[in-house]
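Enquirer: Turn this into a model:
(chains A and B)
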2 protein chains.
Amino acid sequence: MFDEKLKRVFSPRSIAVVGASDSFDKLGYHVMRSLIEGEYRGAIYPVSFRSQTVWGLRSYRSVKDIDGEVDLAIIVTPQTFVPEILADCGRKGVSGVVLITAGYRESGKEEGQRLEEEIRRVSLHFNIPIIGPNTFGFVNLTDKVNASFTCEFSLIKEGGLTLISQSGGFCHLIGFLALEERLGMAKIMSLGNRVNVDFACCLKYFLEEDEATKSIALHIEGTEDPRGIFETVERAKRKKPIIAYKAGKNEKGDLASKFHTGSLAGDYRIWKGAFRQYGILEVEDSEELIDTAKVLEVCPPLKGKRIAVLSGQAGPGIIACDALERKGLILARFTERTQEEIDTVLPHLAMRTNPVDMGPAWYNPEKIIRILKIVLLDENTDGIIFINTFASANLRLPAQLRRFLEETEPLPKPVIVCMPSPTGVWSDEIKMIDGCKGVTVLKTPERASRAMANLYMISSFKLC
Amino acid sequence: MFDEKLKRVFSPRSIAVVGASDSFDKLGYHVMRSLIEGEYRGAIYPVSFRSQTVWGLRSYRSVKDIDGEVDLAIIVTPQTFVPEILADCGRKGVSGVVLITAGYRESGKEEGQRLEEEIRRVSLHFNIPIIGPNTFGFVNLTDKVNASFTCEFSLIKEGGLTLISQSGGFCHLIGFLALEERLGMAKIMSLGNRVNVDFACCLKYFLEEDEATKSIALHIEGTEDPRGIFETVERAKRKKPIIAYKAGKNEKGDLASKFHTGSLAGDYRIWKGAFRQYGILEVEDSEELIDTAKVLEVCPPLKGKRIAVLSGQAGPGIIACDALERKGLILARFTERTQEEIDTVLPHLAMRTNPVDMGPAWYNPEKIIRILKIVLLDENTDGIIFINTFASANLRLPAQLRRFLEETEPLPKPVIVCMPSPTGVWSDEIKMIDGCKGVTVLKTPERASRAMANLYMISSFKLC
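Expert: Numbers count the residues shown, from 1 in each chain, chains lettered A, B, ... in the order given. All right, here's what the predicted structure looks like:
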């Protein structure tokens, strides 16, 4: 319905900021700042009723007065001005709008309801897509468009995950976790009240039109059109992996999400069943979402359930085994040849079958890397969890691992690395290892195992 | 059995390091470094067959040659020397030993089994407690004794949690997480092969003798004496909360833990039942252990199940509601008075019952703190989850929260704060809020909810 227009909205050549401001206390200030500090490369047209210039740029009284073409208008004015501004946008031929202003249906007041209806009428008349109202906006990291009031989103690494969320707060939570955990993202958007842009049309756009999007995360509270989501997924023939985080699962959460976005979340069990049926991976936790997206971004598919756990210390290795088995994966049984080769590297101490306790090789990072190489070639192993907790003796290990990765071809199977260490000690090396040649670094053995299991689920949906 | 001696072991006035070294490639180097850089205040006696001085200190040929008394001997020599050194320690009247050397029962070889039996015999003869063999040692943060080969443990904040673990690797994992998440710890120890110091005697010591220990975490792979653990807990009459992390739950993990520490983990269901019966809280994840310990350290008991969720953004608040309800807690129904007072602070927008969307007060941190104060007084609320995701508009909030906390009495109910923010932006303020007046800061809404539920479990055991 909005395919062509959405391209202009998410990758605009020019943006009008209606309600732009030089005052730190106004959202219109922060939207200007996000665009400018986020290094937006197109034209920015501030629109202000008060000032001649905003952020040092010439300002316009109305969208209509702007001399160039406008692809996207971001509106942050008080409610009462919005219908007229929207009509101006329509007449100007603006491709689409981000309507940050809140206080509509979600206010629970009749007046808010009425105002939202008015917006819907205007948008229908001009056939103009509106993201919002009651949204934080969106961030396009691929093209450096930070159309939000939070400039820090622009610090996130460019990557393949696109988040379509029903909550700006959730976008902030995931965005800051992504920043901390080095997850690359393509787009981050909050639908807000979904006056005429809902999950289905955005999902369609990012599944079929946006090449930078490699995988999609949905954060769903509730929608009047759940069918639209699943039909869109069906049509896209599972080309890109989809992760879903369903909120409002229980009675109170459900009720709260009604107040939040004006629609009931609906029976969770029905959602759960549909996710499964349509090959959408459901996650239950924001960190699980991050970890899973990281693995999807970097690792090759996990073709089977057989995992090797290689650990510099037995204890964390055993914990990973527990977590893997709890999630339905199994510990690989190495081929005889693999086992023989491992036995030539490690002295007779501790466990050498899977899990492999590599402790005796602490002072020999070369040996630890050799074990990794041997198991990468093992025919009976589909994926590897490689754990090395820092201890003085293995100080040089990450440097050695990095060198190996830099010199090798992309790894043929998923390798999730876990290197707990004192803040700062290994950080630089770990950053360089994370994402290199199919390797993902995750925080704990349990999180590594959970992400491996999710990768298996997604791989078995034939999604990646 | 070893009560008096364990006091001298864990809080020694003097320490001999047998196998002390000036060579970075030796564990004996790192043990010396840990003691010295960890600012150990007692006497340190290096024992070395080779050098006259080690780390600039006068070195001895044998423990017997040391002129002063020795409370603790840390042994890091090759296996073959160990029995003779132990006998020297016995004759010298050393109170106890940390035996870091590995390659005993856990090697799976007959020779290792035989050597371990020999150690057991010597220790029996001299009635000397041995922590290990095959241990990383222990760290006493209360008295600044870092009797391990990892000096970074000394960076952990002093606090009330003592970890008794069966794996040095697990101790490292938890230690580094504690460092990152600002968890205060009292003691961290790994039992290793438990030649004559097992869970029961350490648990007894930390439950009954060590005042600095306020709560205990057990990481258990397997033991021949599970009954000893539960009898000790029973005798201590639930004076201190205990958290258990059971490893080796499944077939393979169980087998691996047998190789690791030489004892079968046993049927997990039996453990699970016993934890419940004896009022021990079981956790399933290393981060859950950290979060729960943080809450135990700082928060008052949670006297009921009724939780208020106050959130600066609706989305993360709804996620917290889901997670709370999943864990069996319920959302508080405010008294009429509380609701009326909240209604005077927030404009008519979004949700004002529980969960409370405080979004409209973004630009007024004073108002957000006012809502927190109102709900702290609500009779129908037992605990509070307070979530504020960073956005430009609420920049000043943490400073305001800190000021409120610094000026108030310790809070009467548990408050778990969650403030997701871009790395660095709020870090300094968050550090000062975390632990202040009964407030704990945790990373995500889901982790805050899980820790609240665990606090409820422990509080209902009447443990805290």
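
Enquirer: Kindly provide the whole-number mean pLDDT of the helix or strand hosting A:Leu177.
Expert: Assigning secondary structure by DSSP states H and E places A:Leu177 in helix A:168-181. When pLDDT is averaged over helix A:168-181, the result is 97.

Enquirer: Could you verify my assumption that A:Ala16 touches A:Val63?
Expert: Yes - A:Ala16 is within contact range of A:Val63, at 5.3 Å (criterion: C-beta atoms under 8 Å). Glycine gets a C-beta too; all of them are placed from N, C-alpha and C.

Enquirer: Between those two, point out the one with more neighbours.
Expert: A:Ala16 (28 against 24; other C-beta atoms under 10 Å in any protein chain shown).

Enquirer: How is that one assigned, secondary-structure-wise?
Expert: Under DSSP: H, G, I helix; E, B strand; the rest coil, A:Ala16 falls in the strand class.

Enquirer: and the angle for the helix or strand following the helix holding A:Leu177 with helix A:168-181?
Expert: Helices and strands here follow DSSP H and E; after helix A:168-181, the next one along the chain is strand A:185-190. Here the directions of strand A:185-190 and helix A:168-181 differ by 160 degrees (axes from the mean of the first three to the mean of the last three C-alpha atoms, to 10 degrees).

Enquirer: Partner strands of strand A:185-190, with direction?
Expert: strand A:137-140 (antiparallel), strand A:158-165 (parallel) (DSSP bridges).

Enquirer: Make JSON lines out of those and add distance to B:Ser190, mean pLDDT and mean neighbour count.
Expert: Below are those laid out as JSON lines (distance: least, C-beta to C-beta, whole Å; pLDDT from 0 to 100; neighbours: other C-beta atoms under 10 Å in any protein chain shown):
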{"stretch": "strand A:137-140", "distance to B:Ser190": "45", "mean pLDDT": "98", "mean neighbour count": "28"}
{"stretch": "strand A:158-165", "distance to B:Ser190": "39", "mean pLDDT": "98", "mean neighbour count": "24"}
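
Enquirer: tell me the strands in the stretch 251-400 of chain A, going along the chain?
Expert: A:281-283, A:306-311, A:330-331, A:356-357, A:383-387 (DSSP state E, counting those that start in this stretch).

Enquirer: Which one of the ones you listed has the poorest average confidence?
Expert: strand A:356-357 (a mean of 92).

Enquirer: looking at chain A, which helix or strand does the model trust least?
Expert: The weakest-scoring helix or strand in chain A, judged by mean pLDDT, DSSP states H and E, is helix A:251-261 (a mean of 58).

Enquirer: is stretch A:17-33 up against chain B anywhere?
Expert: Yes - interface with chain B: stretch A:17-33 contributes A:25, A:27, A:30, A:33 (C-beta under 8 Å from any C-beta of the partner chain).

Enquirer: Report the buried residues of that stretch.
Expert: Going by neighbour count (16 or more other C-beta atoms under 10 Å in any protein chain shown), the buried part of stretch A:17-33 is A:17-22, A:26-33.

Enquirer: Run through who's touching it.
Expert: Under the criterion C-beta atoms under 8 Å, 6 or more residues apart in numbering or on different chains, residues A:35, A:44-48, A:51, A:54-55, A:59, A:63, A:73-77, A:85, A:100, A:137, A:147-151, B:363, B:392-393 lie in contact with stretch A:17-33.

Enquirer: Could you tell me which of those are located in helices?
Expert: Using DSSP state H, A:35, A:85 are the members of the contacts of stretch A:17-33 that sit in helices.

Enquirer: Just the buried ones out of the contacts of stretch A:17-33, please.
Expert: A:35, A:44-48, A:54-55, A:59, A:63, A:73-77, A:85, A:100, A:137, A:147-151, B:392-393.

Enquirer: So which of the residues you listed are in strands?
Expert: A:44-47, A:54, A:73-75, A:137, A:147-148 (DSSP state E).

Enquirer: Adding distance to B:Val233, write the residues you listed out as TSV.
Expert: Shown next, in TSV, are those (distance: C-beta to C-beta, whole Å):
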residue	distance to B:Val233
A:Ile44	66
A:Tyr45	70
A:Pro46	67
A:Val47	69
A:Val54	67
A:Ala73	65
A:Ile74	60
A:Ile75	62
A:Gly137	54
A:Ala147	57
A:Ser148	52
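
Enquirer: Return the residues of the stretch 51-200 of chain A in contact with chain B.
Expert: Going by C-beta under 8 Å from any C-beta, the residues of the stretch 51-200 of chain A near chain B are A:102-103, A:106-109, A:136, A:149-152, A:155, A:165-173, A:176-177, A:179-180.

Enquirer: returning to that earlier point: show me whatever sits in contact with both of A:Ala16 and A:Val63.
Expert: A:45, A:47, A:70, A:73, A:89, A:94.

Enquirer: got a pLDDT number for the nearest residue to the second one once chain neighbours are set aside?
Expert: Spatial nearest neighbour of A:Val47, chain neighbours left out: A:Val18 (4.3 Å); criterion: C-beta to C-beta, 6 or more residues apart in numbering or on different chains. Reading off the confidence values, A:Val18 has pLDDT 98.

Enquirer: Tell me the spacing between A:Val18 and chain B.
Expert: Using C-beta to the nearest C-beta, to the nearest Å, A:Val18 is found at 18 Å from chain B.

Enquirer: Beta-bridge partners for that residue, please?
Expert: A:Val47, A:Ile75.

Enquirer: Sketch out the low-pLDDT regions of the stretch 251-400 of chain A for me.
Expert: A:251-266, A:348-350 (pLDDT under 70).
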